[in-house]
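# here is a sequence together with a model predicted from it:
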Amino acid sequence: MSAPPSSQFALLRQRRFAPFFWTQFLGAMNDNVLKFAFTVLVTYRLSVHWLPPALAGLAIGAVFILPFLLFSATAGQLADLLDKARVMRMVKNLELAIMALAAWGLWQGWIALLLGCIFLMGLHSTVFGPVKYAYLPQHLGERELTGGNGLVEMGTFVAILLGNVLGGVLAGLPEGSVPSSVQAVGLAGLLLAALGRWAVQGVPPSPPDAPGLRLNFNPFSETWRNLQLARQQPTVFRTLLGISWLWFFGAVFLSQFPAYAKEVLHGDEHVASLLLVVFSVGVGTGSLLCERLSRHHVEIGLVPLGALGMTVFAGALAWTSGLEPAAATRWGLGDFLAQPGHWPLLAELYLLSLSAGLFSVPMYALVQWRSPPSHRARIIAANNILNALYMIASALIVGALRSAGLGIPGVFGLLALANVAAAGLLFLRVPDYPRRCAAWLAAWRQHPPANE
């Protein structure tokens, strides 16, 4: 294994990381271009009676996440059984075919076909997930793992942001434009898929960790088996639950941004986009900070700090939002930013998401480092299933709270309290987290990372 680079960004110049990074970046971006553009088109231009605009976003999100529940167990087995570079190339070939089909569906206005393509892109992401996180510890040393995970986490959120922006811009092209909105979305998807296929060609060989594995195609029994494998290492299993809680936490904010911007902040759709930008930049910043703060090691002591920040700033955001005065008109982006009272709110959202980055990256690195190589991808696949279940639970719980009349600031306040309970339970069951945090703080006081 080569010596650790002086900075995590040096990995972006190395073949063992750069082609993989751009492969996953372009795939995540393409997912979100298609999902968001399709949602906008169904809402404004391609609507059909059996998919009303009010339900379009929910339906498209549900169709996308369904493969994670059905096929994650199989995907984990494939990642352990086969060369990971080979699996990545298979996935990118599938993406090219899906986007060609989606381009045809957009051209013809076939909503059912496009929903099928959303399902297939969910399958594409389902298969890629275990490969992605099992690939990193195979090519990065322990002192590089936190930095590599930080780059991947940052890249994923930037890709999501860019995908949503690009999808919205292309879907919103005016009538009569050349190319038309549907043509532009189809061409963008094909181009991103082609770039991803080109990038994956540079991924180096990654030999299988369990070449003699026999595939079990029953998702229920295999998922249960994977969870049992994870439970054999209590720290790993409880960390999986912590990661899934983070997805619950983040899903609440991401799902509520449009309504939050409209109902609480009295802003237009550009204000909702601003919230997504701030959230994404915050997660990316926190993810990148992990490498520096951890001194190039897998440092789980950062997790309690992230959990504390998530609670404090979620509570502060709930309080600040509750004080937001009613507005006679809806704020545009410029007018919204011109109000001094909105800047503390944006700062709280940024620090909340930065804390989420500090919370997540060390836990992913811990799971990768402590999982047995022969079962690593299958354990990560089990984590993906847990993540999906937690996100579904977040949608159901928040929907019930909102239907009961609770406002969005109240939802954020309850989430801050729930984070105290969830993080407290994690740290009680895995005392290594608070112990490492105390040790990290003591070392930081003596030798701050900035002085290294």
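Structure's in. What do you need?
# low-confidence ranges, the stretch 351-452 of the chain, go.
Counting by pLDDT under 70, the low-confidence segments of the stretch 351-452 of the chain come to 448-452.
# one more time with 90, if that's ok
Within the stretch 351-452 of the chain, the set of residues satisfying pLDDT under 90 comprises 365-385, 388, 391-396, 398-400, 402-405, 407-408, 440-452.
# also the stretch 1-150 of the chain?
1-13, 35-66, 68-74, 76, 80, 107-111, 129, 132-134, 137-138, 140-150.
# contact partners of stretch 290-308?
The set of residues that contact stretch 290-308 without belonging to it, under C-beta atoms under 8 Å, 6 or more residues apart in numbering, is 4, 7-8, 142-147, 149-150, 242, 286, 355-363, 365-366, 369, 419, 423, 426-427, 432-434, 436-441, 449, 452. Backbone N, C-alpha and C define where each C-beta goes, glycine included.
# how far does stretch 255-274 sit from the chain's center?
Between the centre of stretch 255-274 and the centre of its chain there are 20 Å (C-alpha atoms, centre = their mean, to the nearest Å).
# just the CA trace of that stretch, in PDB.
Presented in PDB, the C-alpha positions along stretch 255-274 are these (Å, rounded to 0.1, in the frame of the first residue of the first chain):
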ATOM      1  CA  SER A 255     -38.200  16.300   2.000                       C
ATOM      2  CA  GLN A 256     -39.400  19.400   3.800                       C
ATOM      3  CA  PHE A 257     -37.300  22.100   2.100                       C
ATOM      4  CA  PRO A 258     -40.000  23.000  -0.600                       C
ATOM      5  CA  ALA A 259     -42.800  23.300   2.000                       C
ATOM      6  CA  TYR A 260     -40.400  25.000   4.500                       C
ATOM      7  CA  ALA A 261     -39.400  27.600   2.000                       C
ATOM      8  CA  LYS A 262     -43.000  28.300   1.000                       C
ATOM      9  CA  GLU A 263     -44.900  28.000   4.300                       C
ATOM     10  CA  VAL A 264     -42.400  29.200   6.900                       C
ATOM     11  CA  LEU A 265     -39.900  31.400   5.000                       C
ATOM     12  CA  HIS A 266     -42.500  32.700   2.500                       C
ATOM     13  CA  GLY A 267     -40.000  32.300  -0.300                       C
ATOM     14  CA  ASP A 268     -40.300  31.100  -3.900                       C
ATOM     15  CA  GLU A 269     -38.800  28.000  -5.500                       C
ATOM     16  CA  HIS A 270     -35.400  29.700  -5.700                       C
ATOM     17  CA  VAL A 271     -35.300  30.000  -1.900                       C
ATOM     18  CA  ALA A 272     -36.100  26.200  -1.700                       C
ATOM     19  CA  SER A 273     -33.100  25.700  -4.000                       C
ATOM     20  CA  LEU A 274     -30.900  27.900  -1.800                       C
END
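# one step back: which of the contacts of stretch 290-308 count as buried?
The neighbour-count test (16 or more other C-beta atoms under 10 Å) applied to these identifies 4, 8, 143-147, 149-150, 242, 286, 355-363, 365-366, 369, 419, 423, 426-427, 433-434, 436-437, 440 as buried.
# helices - which of those land there?
Of the buried ones among the contacts of stretch 290-308, the ones assigned to helices by DSSP state H are 143-147, 149-150, 242, 286, 355-363, 365-366, 369, 419, 423, 426-427, 433-434, 436-437, 440.
# for stretch 173-182, what is the average pLDDT?
Throughout stretch 173-182, pLDDT has a mean value of 78.
# could I have the CA atoms of that stretch written out in CSV?
What follows is stretch 173-182 as a C-alpha-only set of coordinates in CSV (Å, rounded to 0.1, in the frame of the first residue of the first chain):
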residue,chain,number,x,y,z
LEU,A,173,-36.8,25.1,-21.1
PRO,A,174,-39.5,27.2,-22.8
GLU,A,175,-41.9,25.8,-25.3
GLY,A,176,-40.5,25.8,-28.8
SER,A,177,-36.9,25.8,-27.7
VAL,A,178,-34.3,23.8,-29.7
PRO,A,179,-33.7,21.3,-28.3
SER,A,180,-37.0,20.9,-26.5
SER,A,181,-37.0,20.2,-22.8
VAL,A,182,-37.6,16.5,-23.2
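# list of residues touching that stretch?
Outside of stretch 173-182, the residues that reach it under the criterion C-beta under 8 Å, 6+ apart are 37, 41, 45-46, 106-107, 109, 170-172, 184, 187.
# by neighbours, which of those residues wins?
When those are compared by neighbour count (other C-beta atoms under 10 Å), Ala37 ends up highest, at 29 neighbours.
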